[in-house]
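Asks: Output the structure for:
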Amino acid sequence: MMCTPTSPAYKQHCTPDCKPGNYYHGAQKNPHTCWVLSVSPLVGAHPARIQEKNPLVSAGGRYKPPNCESRHKTAVIIPHRNRETHLRHLLYYLHPFLQRQQLQYGIYIIHQSGNSTFNRAKLLNVGVKEAMRDEDWDCLFLHDVDLIPENDHNLYVCDPWSPKHASVAMNKFSYR
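Replies: Down below sits the predicted model:
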């Protein structure tokens, strides 16, 4: 059974910060999605608030739609060091964003400790290995901690023909 507008997550995820819209998600219309999200300037949501807003996310940042079988399984890999406020801000918006797309997903935050030069590429390599060891994901999304998805037309699913860069336009400096 595929997800429908009657699923319990529908009301939870189409909140005042988004207006429901219809567009095609694969071959199916997805009534859960929003056109444009209203993203507040960097708020640094408290971890308890993120957890409260996303009760269906299990430990380790995993989610599976409760009343249907997802058509896509996506791992989101986020390299991170010393950007706690950005990370909380991203997670505050990213979890509901991915849930509205009815994805089965896991978020992997790969943290670099120490004071050496930040090595994003190495962290992404580690993230891919860890994610693939946990699950046979359909799609791996390599995500920056300071890029917030602002539009549900940005689907976090993989194109079978070629890789894509998800950042079409970004508000680079207003999310400080």
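
Asks: which helix in the chain runs the most residues?
Replies: Ordering each helix of the chain by length in residues (DSSP state H) puts helix 84-100 first.

Asks: What are the buried residues along that helix?
Replies: For helix 84-100, the neighbour count (16 or more other Cβ atoms under 10 Å) marks 85-100 as buried. Glycine gets a C-beta too; all of them are placed from N, C-alpha and C.

Asks: Next: stretch 73-86.
Replies: So for stretch 73-86, counting by 16+ other Cβ under 10 Å, buried means Lys73, Thr74, Ala75, Val76, Ile77, Ile78, Pro79, His80, Arg81, Arg83, Thr85, His86.

Asks: how about the CA coordinates for it, as PDB?
Replies: Only the C-alpha atoms of stretch 73-86 are listed here, as PDB (Å, rounded to 0.1, in the frame of the first residue of the first chain):
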ATOM      1  CA  LYS A  73      15.300   4.600   0.500                       C
ATOM      2  CA  THR A  74      17.600   7.500   0.900                       C
ATOM      3  CA  ALA A  75      20.700   8.000   3.200                       C
ATOM      4  CA  VAL A  76      21.600  11.700   3.900                       C
ATOM      5  CA  ILE A  77      25.200  12.100   4.800                       C
ATOM      6  CA  ILE A  78      26.300  15.300   6.500                       C
ATOM      7  CA  PRO A  79      29.900  16.100   7.200                       C
ATOM      8  CA  HIS A  80      30.200  18.200  10.400                       C
ATOM      9  CA  ARG A  81      32.600  20.000  12.700                       C
ATOM     10  CA  ASN A  82      31.900  22.900  15.100                       C
ATOM     11  CA  ARG A  83      28.600  23.900  13.400                       C
ATOM     12  CA  GLU A  84      26.100  22.800  16.100                       C
ATOM     13  CA  THR A  85      23.700  25.700  15.400                       C
ATOM     14  CA  HIS A  86      23.700  25.000  11.700                       C
END
